[in-house]
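Asks: sequence unknown, structure follows:
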Ligand SMILES: NC(=O)c1ccc[n+]([C@@H]2O[C@H](COP(=O)([O-])OP(=O)(O)OC[C@H]3O[C@@H](n4cnc5c(N)ncnc54)[C@H](O)[C@@H]3O)[C@@H](O)[C@H]2O)c1
């Protein structure tokens with residue numbers, strides 16, 4: 001079967017770091033056209049990836065109309081996920097779109113309405129679903145290895161918000177471009193990961209969000225501009241089946257690059273999933289048969305190869321009708337957006353908020 005031609009929208013950090021290498025690696029995909037509103041970024045990507053300027057566009061609608069691609073890969077900032085995904089859906093083009101799916105639930109519902117009941121392949125890039133340790137944890141939990149589930153504790157820590165990095169006022173700090181801060185950026189991953197592994201949805205949440213650095217240097221150098229989103233977000237969740245979950249999410253964790261830790265406690269055992277405890281590695285440890293012994297009774301598991309997965313190849317598999325059903329869809333993105341929004345509402349109201 002000929003490789004699927006991909007039109008990639010937004011040639012920024014995540015496109016260059018993950019999506020384009022993924023497309024170039026896949027025997028089933030071809031990087032066929034690029035789009036970015038930033039002319040300089042587009043030109044440099046055109047040269048770097050050998051896509052002629054005739055196949056590089058400043059406008060996603062033009063790419064869709066003229067480039068003859070088989071699918072879109074949407075890697076733009078959060079405020080332009082839904083508008084471009086709606087363009088793709090309108091043109092009947094399959095798409096993958098970065099997380100968080102939308103700026104708010106209303107937007108996510110609009111896209112879900114467009115895609116629901118149609119066989120339009122789609123994927124929302126909740127990337128940690130592709131970590132082997134997460135997939136293995138999911139399989140162990142679902143096979144009943146931990147018994148009845150009681151508690152989940154998820155931390156997602158990064159450091160790049162700390163004053164020492166002098167990170168400027170990127171779109172990630174501007175509410176009307178990002179929706180929320182650490183919550184939508186990192187918390188959306190955490191909320192998805194816990195649901196993915198446990199199979200449980202969110203019933204209600206209570207959240208505490210805050211901002212440590214209130215002004216940052218504007219990108220055009222014209223002084224300081226306001227940060228109007230959260231730098232950290234902590235939440236408690238009541239999940240289906242009485243599962244109790246705790247989330248700690250921050251961009252202000254000194255010494256943490258992209259650190260995740262998920263602890264799951266059940267009646268017959270517990271699991272610890274970690275990412276980046278060792279550089280770039282995901283690990284899974286299990287405790288069983290030592291329910292109350294002090295000290296380290298966790299055994300690091302060897303993760304069977306069958307749990308290894310690649311996000312971009314998974315998108316190719318979806319396009320080719322052989323997906324494994326484990327990638328997030330627009331419907332999952334909508335469910336996730338509802339949980340994110342419940343935390344935001346709760347942080348404002350100080351009350352538990354139903355999802
Ligand atoms: N899945 C993950 O783990 C992960 C990791 C990092 C970022 N992301 C997500 O990826 C998205 C992009 O993040 P980033 O760090 O690459 O941002 P970025 O700012 O580095 O890149 C975004 C690019 O999109 C371009 N752009 C903006 N509006 C556009 C439009 N209307 N049409 C075409 N191009 C447009 C910008 O010019 C820029 O080149 C965000 O939604 C972010 O949450 C996901």
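Replies: That came through, no problem. Because the structure is predicted, anything quoted here is derived from the model rather than measured.

Asks: Number of residues surrounding the closest residue to the ligand within the stretch 1-150 of the chain?
Replies: Closest to the ligand within the stretch 1-150 of the chain is residue 12: 1.7 Å, counting by Cβ to the nearest ligand atom. (Glycine included, C-beta is placed from N, CA and C.) Residue 12 has 17 neighbouring residues, counting by other Cβ atoms under 10 Å.

Asks: which ones are touching the spatially closest residue to residue 253 that is not a sequence neighbour?
Replies: Take residue 253 and drop its neighbours on the chain: the residue closest to it by Cβ to Cβ, 6 or more residues apart in numbering is residue 157, 3.5 Å away. By Cβ atoms under 8 Å, 6 or more residues apart in numbering, the residues touching residue 157 are 248-250, 253, 256, 259-260.

Asks: So which of the residues you listed belong to strands?
Replies: Of the contacts of residue 157, the ones assigned to strands by DSSP state E are 248-250, 259-260.

Asks: If I look at residue 296, what pLDDT would I see?
Replies: On pLDDT, residue 296 comes in at 66.

Asks: and if you look at residue 293?
Replies: Per the predicted model, pLDDT is 72 at residue 293.

Asks: SS state for it?
Replies: Put simply, residue 293 is coil when judged by DSSP: H, G, I helix; E, B strand; the rest coil.

Asks: What's the local residue count around it?
Replies: 9.

Asks: Also residue 274?
Replies: Using other Cβ under 10 Å, residue 274 has 19 neighbouring residues.

Asks: Could you do residue 315 as well?
Replies: Around residue 315 there are 29 residues (other Cβ under 10 Å).

Asks: can the strand or helix carrying it be found next to the ligand?
Replies: Element membership of residue 315, judged by DSSP states H and E, is helix 311-319. No - Helix 311-319 lies apart from the ligand when judged by Cβ under 6 Å from any ligand atom; the minimum separation is 7.8 Å.

Asks: Describe which strands the lowest-mean-pLDDT helix or strand in the chain pairs with in its sheet and in which direction.
Replies: Here the helix or strand of the chain ranked lowest by mean pLDDT, DSSP states H and E is strand 299-300, holding a mean of 94. Taking DSSP bridges as the criterion, strand 299-300 sits next to strand 282-287 (antiparallel) in its sheet.

Asks: Excluding covalently adjacent residues, which one is nearest to the residue of the stretch 1-150 of the chain closest to the ligand?
Replies: Once flanking residues are discounted, residue 12 sits nearest to residue 75: 6.5 Å by Cβ to Cβ, 6+ apart.

Asks: In contact with that neighbour, which residues?
Replies: Residue 75 sits next to 8-12, 14-15, 19, 98 when contact means Cβ under 8 Å, 6+ apart.

Asks: on that earlier part again, work out the gap between the helix holding residue 315 and the centre of the chain.
Replies: Centroid displacement of helix 311-319 relative to its chain, using Cα atoms, centre = their mean, to the nearest Å, is 16 Å.
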